[in-house]
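In: my questions are about this predicted structure, shown below with the sequence.
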Amino acid sequence: SQTNRGSRKELAERQLPTRSTRAMKVCDESWRRQFRNSSNVLFPLERAFSPRSLLAPFEVNSLSVFARSTALAYLMFAVYAFSLALIPLDHSQSFLDCHQLHCSSESSGNSPHVNDPVYAWTCDESYNGHVQSSRHQLPSFLLAALLLLSQCSIAVQAAHNDKFDAHLRAANLYIKQRAFNEASYELRAAVDERPDSSEARHKLGTILTELGRYDEAFVELFESLRLEPKKTEIRFDLGSLLMKKESWDEAGVQFRQLLDGNPKDAAARGNLGICLEQLNHLEEAAEQFRMVVAETPKSPEAHYNLAVCLELKKFYEEAAVEYRKVIELQKDHFMAYTGLGKCLLRKGDCKSAIAVERRAIEIFPQNFWAYLVLGAALEQSGAKSEAVDAFRKAVQINPKDPACKAALAHLLESRMAGGSGTIPR
């Protein structure tokens, strides 16, 4: 039953600290038995430095780095205290007694031990013991001081690391919730804690890219790449950001460097092809896209990029073949239908182009490019009124696009002049 399951869960939660408590009791008892009769301890170590107080900060559920560091510092002081406690004090006391007696006898002129070899030997041994005790104390003190200083520096660094990790965990939670603004604040705080963290800067750069803050994202990604120049993920994200900024030359440089390290990186090669296409290097872009198709023949995106490049080169027959391959691999690829309709229209097959564009609109009704091609095909087939409706629909979907406005204005002018329509580029 649900009640029994809950009871078992509560019992399991209670049993774990119970076992831990028993173990700590055993440690405490052994500690007490070992040091109960110690008379040279300088202060009550049994209460101040019991295993419970020393080991409690190191439990799994403890999150305080400062507590762990303090416990280690206490442990170092305990070692120093034991080193002092174990130093023999008899020689030191014997030396002081001999020295006091010798000084008083000499001052009175009645020293009975002036020529006594046994007395001289005893004082020498006491003096040597006193010197050795002092020599033992000084290194112990220096060791404890050095250990304490080193532990303080470790504690400070650990505190910074704890804050850094906390900000990073919070940012990851925000990213899972797609709360990118909050994630950017946490990542910025993490970078402030550890400016040399390539991971934090990389994540911050990607989040700023999602938020459209491209200039800030570029700074973070560039600095992250400087810290880890061999990390390919950072270079790829930097190249993708430069593509969004339409810095095609700089983006191409990043993707070429990726391909120098890994010639089989299809994603980098595909993006390089897009950069070359945007720079109007169509022949080289087509070569890159063909290599991507050879590497990933089942990728609809690879065939689509090649088809677009071939269409720009005005190889409409080859482009139509690639568009059909895209449709075979992905039935609902509406942009492949749109491109295929354009190629058919360029070849003069208006009827097929109209059918293909209607299919593209059926898959995605907000595809204004399909309405533009449909309007041009309807106009060439003689359906002027339907063509006007198609162009108007394209303008309604995307009124800011210059191709929509230009197509509608040209159609209205052609109707007044009695000319033919145009195919959107």
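Out: Thanks, I have it. Numbering: from 1, shown residues only.
In: need phi/psi at Gly348.
Out: Here is the backbone geometry of Gly348 (degrees, to the nearest 10): phi 90, psi 10.
In: now do Ser197
Out: According to degrees, to the nearest 10, Ser197 has phi -90, psi 110.
In: please report the distance of it from Ala190.
Out: 7 Å (CB to CB, to the nearest Å). C-betas here are computed from N, CA, C, even on glycine.
In: quick one, which of these two is more surrounded?
Out: Using other CB atoms under 10 Å, the more surrounded residue of Ser197 and Ala190 is Ala190, with 25 against 18.
In: ok so, going back, okay, and the common contacts of Ser197 and Ala190?
Out: Phe164 (CB atoms under 8 Å, 6 or more residues apart in numbering).
In: tell me how many other residues surround Glu413.
Out: Glu413: 10 neighbours (other CB under 10 Å).
In: same check, this time on Ile361
Out: Ile361 has 21 neighbours, counted by other CB under 10 Å.
In: could you list every residue that touches Ala266?
Out: Contacts of Ala266 (CB under 8 Å, 6+ apart): 292, 295-296, 299, 302.
In: same thing but at 10 Å, please
Out: Shown in contact with Ala266 (CB atoms under 10 Å, 6 or more residues apart in numbering): 291-296, 299, 301-302.
In: ok, now Leu282?
Out: 273, 276, 309-310, 312-315.
In: at 7 Å instead, please
Out: Shown in contact with Leu282 (CB atoms under 7 Å, 6 or more residues apart in numbering): 309, 312-313.
In: and for Cys350?
Out: 377, 380-381.
In: most neighbours out of the contacts of Ala266, which is it?
Out: That'd be Ala302 among the contacts of Ala266, by other CB under 10 Å, with 26 neighbours.
In: and it, how far from Gln288?
Out: Taking CB to CB, one finds Ala302 at 10 Å from Gln288.
In: with Ala183 instead?
Out: Where Gln288 is concerned, Ala183 sits at a distance of 34 Å (CB to CB).
In: equivalent analysis for Leu187, please.
Out: 34 Å.
In: name the residue in the two with the higher neighbour count.
Out: Leu187 (30 against 25).
In: contacts only, for that one.
Out: Contacts of Leu187 by CB under 7 Å, 6+ apart are 171, 200, 203-204, 207.
In: quick check: pLDDT value at the nearest residue to Ile397 once chain neighbours are set aside.
Out: Of all residues not flanking Ile397 in the chain, Phe368 sits nearest, at 4.1 Å (CB to CB, 6 or more residues apart in numbering). As predicted, Phe368 sits at a pLDDT of 91.
In: near Phe368, how many other residues are there?
Out: Quick note: Phe368 (other CB under 10 Å) scores 22 neighbours.
In: correct me, but it touches Asn398?
Out: Yes - look at Phe368 against Asn398 with CB atoms under 7 Å: they come within range, at 4.6 Å.
In: quick check: closest non-adjacent residue to His167.
Out: Ala190 (3.9 Å).
In: hang on, isn't that neighbour packed against Arg201?
Out: No - the criterion here is CB under 7 Å, and Ala190 misses it with Arg201 at 9.1 Å.
In: let me see the contact set for Leu168.
Out: 190, 200.
In: give me the mean pLDDT for whatever helix or strand Tyr185 lives in.
Out: Element membership of Tyr185, judged by DSSP states H and E, is helix 180-193. Within the predicted structure, the mean pLDDT of helix 180-193 is 92.
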